[in-house]
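Model the structure of this input:
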Amino acid sequence: MFRAKLSVCGVVFLFSAICVNAVQTTRESGEEFGPVVRAYLGYLRNEQEVVDDRVSRREINMAYYRRNSNRIKALRQMAIRVARDTHNDYLPELEAVAGDEFRLLFERPPQPEALRVGEVLRNTFRFLGVVRTGESFYVFARLDPYEQAELTEKASSGLKKPEPSPGIETGPRSFTRARRVVP
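The predicted model follows:
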């Protein structure tokens, strides 16, 4: 009797472990996302392979390798966060910069500690948040031309720019234009 119960418990445990592994594999492979998000995640995977290859051939130093690998991880984490938050198969163009790289995006860089999630800078970028992957990366979404034109028009007509909602912890839940939703 004890052996039978032990066997049943073993089978149940094995079955639950297989189910958990299947769900984990699905999430890791990106099957929970549509083709656009999966393509972007594939692009990041390819970029990591290029960086790995270059370091293996000693074309780049370890500091460069670490920074770029961490940047790729930060972009991946933010892409997944945006895709899950919006439940949409759309990603804006993402830019991830370290604290000492703000000049790559801005002529007059903002103070990193003053940035607020959802804030639009220079009518060009929306700040999505900070991702820590070995070092801190500030991730921005480049606004599409329609969003930029709308903000420029509002600014020129004297209307105040929309302020982000207080207490937002993650990236924006929606974007200006409607996007196709993949079930």
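
which secondary element of this protein has the worst mean pLDDT?
The helix or strand of the chain with the poorest confidence is helix 2-29; it has a mean of 47 (mean pLDDT, DSSP states H and E).

was I right about Glu119 contacting Arg126?
Yes - distance between Glu119 and Arg126: 7.2 Å, which falls inside the contact criterion (C-beta atoms under 8 Å). Quick note: C-beta positions are derived from backbone N, CA and C, even for glycine.

Give me the more crowded residue out of these two.
For Glu119 versus Arg126, the count of surrounding residues by other C-beta atoms under 10 Å is larger for Arg126: 21 against 17.

Okay, and the beta partners of Leu121?
Counting by DSSP bridges, Leu121 is bridged to Phe125.

my guess is it contacts Pro110, does it?
Yes - using C-beta under 8 Å, Leu121 is in contact with Pro110, at 6.1 Å.

any low-confidence regions in this structure?
When the per-residue scores of the chain are filtered using pLDDT under 70, the ranges that remain are 1-30, 158-183.

What segments of it are helices?
In the chain, helices defined by DSSP state H lie at 2-29, 35-56, 62-86, 145-156, listed in chain order.

And for stretch 106-114, what's in contact with it?
Stretch 106-114 is contacted from outside by Gly99, Phe102, Arg103, Leu121, Arg122, Tyr138, using C-beta atoms under 8 Å, 6 or more residues apart in numbering.

Check stretch 48-64 too.
With contacts defined as C-beta under 8 Å, 6+ apart, stretch 48-64 is touched by Tyr65, Asn68, Ser69, Ile72.

Who wins on neighbours among those?
For the contacts of stretch 48-64, neighbours were counted by other C-beta under 10 Å; the highest total belongs to Ile72, with 21 neighbours.

give me every residue that touches that one.
Applying C-beta under 8 Å, 6+ apart, the residues near Ile72 are Leu44, Glu47, Gln48, Val51.
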